[in-house]
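1. Predicted model follows, preceded by the sequence.
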Amino acid sequence: MRTLRRQELETDSIGAEYTPDFAVQLRVNRGDSRSSTTANSLQEVVENSNSAALVMTLPWWHKAGYKFDASISEVGESLEATRYEIQKLRLIRDIYVTYFEVLLQKEKVWIQQRFTETSKLRLDNAKKKYRLGTSSEWNILNEESNYLSKLSSYHDARTAFLSSLNQLSQLTGVNYPHDVKFDDGLIFTSYRDFIQQVMALTTDFGADPQVKEIEFQLQQKEIEVEKISDSKWTPSLSLRAIYYDENSEGDGADADSTRTVVGASLNLPIPVFTSGDQQTATVLHEIEDLKADIIELKREKMNQVASRKRIIKVLGEYLETLTLLVEKKKQEAKSAKKSFDIGRLTNLELQNLENLQIQSEEKYYETLFDVRQNYAELCLLLGIASMSPNL
């Protein structure tokens, strides 16, 4: 934003280079030397008289130069505004991704907390059975090890959550409490509808900020070529008004008189039409490079958009599989808990099944986050600032 404001101030100051130049010259004659109307030149009269001169250089013939410089600066303002828009889109992308990173880590905290509490209950039950003589010391040690492992995973998840929350605070400038609650979660209202809407997103990149940035640079170069061509004619005009007193030796009414003389000078150089050709050729070459950059940028963006859409589509299909897998793992763990209670499964077998359930749930939420992240990158490629948190 500061760069954009500085560019606006530079545009406002351009006109100062094309305003008239004024100069005031004063001369005081001392001594008895007198001037005569028969002096060889006006300069001799002035040099031997008390005089004041106002010199003004008019920039009339420089209006074309002002026009070109003003146009280049105005395009520069648009260029800086476009760069600001690019930075804003990247910030929106970063906030969007970080927001869902916070939600992902929060889901992992909840998963680890749930299984840590379950593990603690089993440890307490194992200790009771050991006191009653129906369980071995090995079972207690195994349950303690499992509980500590789950507790460690919980603290890891908690640390990751706080780290992502701190990053979100830095991006948004909002100090979020540790128990913050967000309205939108990772889970889609309908991820099938979401995928369909993502697949329908399209653009010709005509309004894409990165493309516009190069186009504004191209406009500046084209104006520069016109300016070089026009600058071969650089005439200038100066006006000089002199007010002086003329002293004569006579006793008439005009013995002491003052006169004002106005003079003008016009400088009109003969242009050399080959001047600036090398500079023009260099700028024209830069113009061709910028045109090629626009074509290449659009081609790269089209490929990246197609790639992001393919990834999102594959992740959507993967989500369907994971949804079924998570449900099956929950059913397995529930059935295993019943079998463990009646002694048909060992605690190791139950722990393995619970770990598989944890892995499937975490993978499900991680895939949801991957969809969000790829969607954010797609929106950045398409120049879309309004990313929907939950379609």
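-> Looks like it arrived, so ask away.
2. I figured Ser153 hits Gln113, correct?
-> No - Ser153 is not in contact with Gln113 according to Cβ atoms under 8 Å; the separation is 9.8 Å. All C-beta spots, glycine's among them, are computed from the backbone N, C-alpha and C.
3. Tell me which of those two has more neighbours.
-> Ser153 (20 against 16; other Cβ atoms under 10 Å).
4. Leaving out chain neighbours, which residue sits closest to the more buried one?
-> Nearest residue to Ser153 in three dimensions, chain neighbours excluded: Gln112, at 4.9 Å (Cβ to Cβ, 6 or more residues apart in numbering).
5. in which helix or strand would I find the one you found?
-> Taking DSSP states H and E as the criterion, Gln112 maps to helix 63-132.
6. now for that helix, which elements pack on it?
-> Counting contacts by 3 or more Cβ pairs under 8 Å, 6 or more residues apart in numbering; DSSP states H and E, the secondary-structure elements packed against helix 63-132 are helix 2-13, helix 137-172, helix 209-230, helix 347-382.
7. could I get those helices as CSV with mean pLDDT and distance to Asp69?
-> Compiled in CSV, the helices and strands packed on helix 63-132 are given as follows (pLDDT from 0 to 100; distance: least, Cβ to Cβ, whole Å):
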stretch, mean pLDDT, distance to Asp69
helix 2-13, 52, 9
helix 137-172, 91, 39
helix 209-230, 85, 8
helix 347-382, 88, 35
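8. Of all these, which one comes closest to Thr321?
-> Of all these, helix 347-382 sits nearest to Thr321, with 9.4 Å by Cβ to Cβ.
9. now the helices: where do they sit in the stretch 251-391 of the chain?
-> Counting by DSSP state H, counting those that start in this stretch, the stretch 251-391 of the chain forms helices over residues 277-341, 347-382, given from the N-terminal end onward.
10. just to revisit the earlier point, so the residue nearest to Ser153 versus Ser360, what's the distance?
-> Taking Cβ to Cβ, to the nearest Å as the measure, Gln112 falls 14 Å from Ser360.
11. What is the neighbour count of Phe194?
-> Here the neighbour count serves as a burial measure; for Phe194 (other Cβ under 10 Å) it reads 20.
12. Verify the contact between it and Phe188 for me.
-> Yes - assessed by Cβ under 8 Å, Phe194 is found in contact with Phe188 at 5.1 Å.
13. OK, contacts around the closest residue in space to Leu79 that isn't next to it in sequence?
-> Nearest-residue entry for Leu79: Phe216, 4.0 Å, with adjacent residues in sequence omitted and distances by Cβ to Cβ, 6+ apart. Phe216 sits next to Val75, Gly76, Ser78, Leu79, Thr82 when contact means Cβ atoms under 8 Å, 6 or more residues apart in numbering.
14. State the distance from Phe216 to Asp289.
-> From Phe216 over to Asp289 the distance is 15 Å, taken as Cβ to Cβ.
15. Name the nearest residue to Ile370, ignoring sequence neighbours.
-> Ile isn't right for residue 370; it's Asp. With sequence-adjacent residues excluded and distances taken as Cβ to Cβ, 6+ apart, Asp370 is closest to Leu315, at 5.5 Å.
16. Since that was my last question, I'll sign off now.
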